[in-house]
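In: no sequence for this one, just the structure:
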Ligand SMILES: Nc1ncnc2c1ncn2[C@@H]1O[C@H](COP(=O)(O)OP(=O)(O)OP(=O)(O)O)[C@@H](O)[C@H]1O
């Protein structure tokens, strides 16, 4: 259930009218994946079923190699499921689409373009007229707080700034779903904390559906409406935690720390003898 107010400002006489959220629901139905390896097949995912509401922020945590990225790629339509179906807004996913955008740890930006050129890229591809393109590009550059850096080239930007360019570029094409694969994994702790605040405010302003993969349980609890815990490969869902902490959340909040500890215990239990990766 959406707990945030709509982004669109309505005149007072229409304030009781609910505005359709920008995000769409996702339904993952009995999705499994086995890769045909050279020597032997790799079973990455056992049948996984999950329903995500429009505008929900859902984090996936699990041990390395349990199939989180595989599931994200299947939702993105970049990989096909061996069995089962992903439904995006009640339509089966049969390939990539502009309604779903995948973002990675290393922001895949064009080094020969400046910030403006990168953010504008998808709009250019879509054939938007120059004036509309320019105003939308500026809107999203402002949204990720890169105003003043429009003409900077990627190699002059910090890791956090690059991720913000990637987020702005993704938002510019107005997808309904952001699929984020450890987007802040390569950032230093301070930048990461700032990115949590920024991402949360972007999410709350745009009402996208977000699926966010991370190794970091604290990060998952800081951001997610839900935290879904996966078992070691072949990945299955072990637990689906609803995080009811008020927003904005602080990493120092003892309730967040307690919730993270509970999830970490479930993760450790699922992993058995295996060592838990990042937990900070
Ligand atoms: N294209 C592929 N061909 C064969 N095996 C693959 C392929 N892609 C992934 N795998 C294997 O599938 C399993 C799941 O990989 P995946 O990257 O989805 O896990 P993950 O949970 O995202 O891992 P990590 O947290 O380390 O990124 C791994 O054993 C991986 O080696």
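Out: The structure has been received and is ready for your questions. Remember, predicted model here, so these are calculated numbers, not experimental data.
In: Tell me which residues are up against stretch 257-276.
Out: Stretch 257-276 is touched from outside by 61-63, 217-218, 220-221, 227, 229-232, 238-239, 241, 243, 245, 251, 279, with contacts defined as Cβ atoms under 8 Å, 6 or more residues apart in numbering. Where you see a C-beta, it was placed from the backbone N, CA and C, and this is true even at glycine.
In: now do stretch 68-85
Out: 26, 28-34, 44-45, 47-49, 60-62, 86, 88, 92-97, 100-102, 177, 179, 181, 211, 213, 230, 235.
In: Any of these buried? List them.
Out: 26, 28-29, 31-33, 44-45, 47-48, 60-62, 86, 88, 93, 100-102, 177, 179, 181, 211, 213, 230, 235 (16 or more other Cβ atoms under 10 Å).
In: Contacts only, for residue 104.
Out: Here residue 104 is in contact with 181, 182, 183 (criterion: Cβ under 8 Å, 6+ apart).
In: name the element residue 258 belongs to?
Out: Applying DSSP states H and E as the criterion places residue 258 in helix 254-271.
In: can you list the weak-confidence ranges in this structure?
Out: Residue ranges of the chain with pLDDT under 70: 1-21, 273-280.
In: What segments of the chain are helices?
Out: Taking DSSP state H, the helices of the chain run over residues 68-76, 115-125, 130-143, 159-172, 189-206, 217-223, 254-271.
In: now the last one, how far from the chain's geometric center?
Out: Centroid separation for helix 254-271 versus its chain: 21 Å, with Cα atoms, centre = their mean, to the nearest Å.
In: Also the fifth one?
Out: Its chain's C-alpha centre and that of helix 189-206 lie 12 Å apart, by Cα atoms, centre = their mean.
In: what packs against it?
Out: helix 159-172, helix 217-223 (3 or more Cβ pairs under 8 Å, 6 or more residues apart in numbering; DSSP states H and E).
In: Adding mean neighbour count and distance to residue 133, write those out as CSV.
Out: Supplementary listing: the helices and strands packed on helix 189-206 in CSV, determined by neighbours: other Cβ atoms under 10 Å; distance: least, Cβ to Cβ, whole Å:
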stretch, mean neighbour count, distance to residue 133
helix 159-172, 23, 9
helix 217-223, 25, 31
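In: could I get these as a markdown table with distance to the ligand?
Out: Formatted as a markdown table, those follow (distance: least, Cβ to the nearest ligand atom, whole Å):
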| stretch | distance to the ligand |
| --- | --- |
| helix 159-172 | 17 |
| helix 217-223 | 13 |
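In: For residue 110, find the nearest of those.
Out: Among these, helix 159-172 comes nearest to residue 110, with 9.3 Å by Cβ to Cβ.
In: so that closest one versus helix 130-143, what angle?
Out: On the basis of axes from the mean of the first three to the mean of the last three Cα atoms, to 10 degrees, helix 159-172 is oriented at 140 degrees to helix 130-143.
In: domains of this structure?
Out: Domains of the chain are assigned by the TED database as 38-99+175-274, 109-174.
In: ok, residue 186 touching residue 107?
Out: No - between residue 186 and residue 107 there is no contact under Cβ atoms under 8 Å: 9.3 Å.
In: higher neighbour count, the two?
Out: Neighbour tally, residue 186 and residue 107, criterion other Cβ atoms under 10 Å: the higher count belongs to residue 107, 22 against 16.
In: isn't residue 50 right up against residue 28?
Out: Yes - at 4.4 Å, residue 50 and residue 28 qualify as touching, with contact defined as Cβ under 8 Å.
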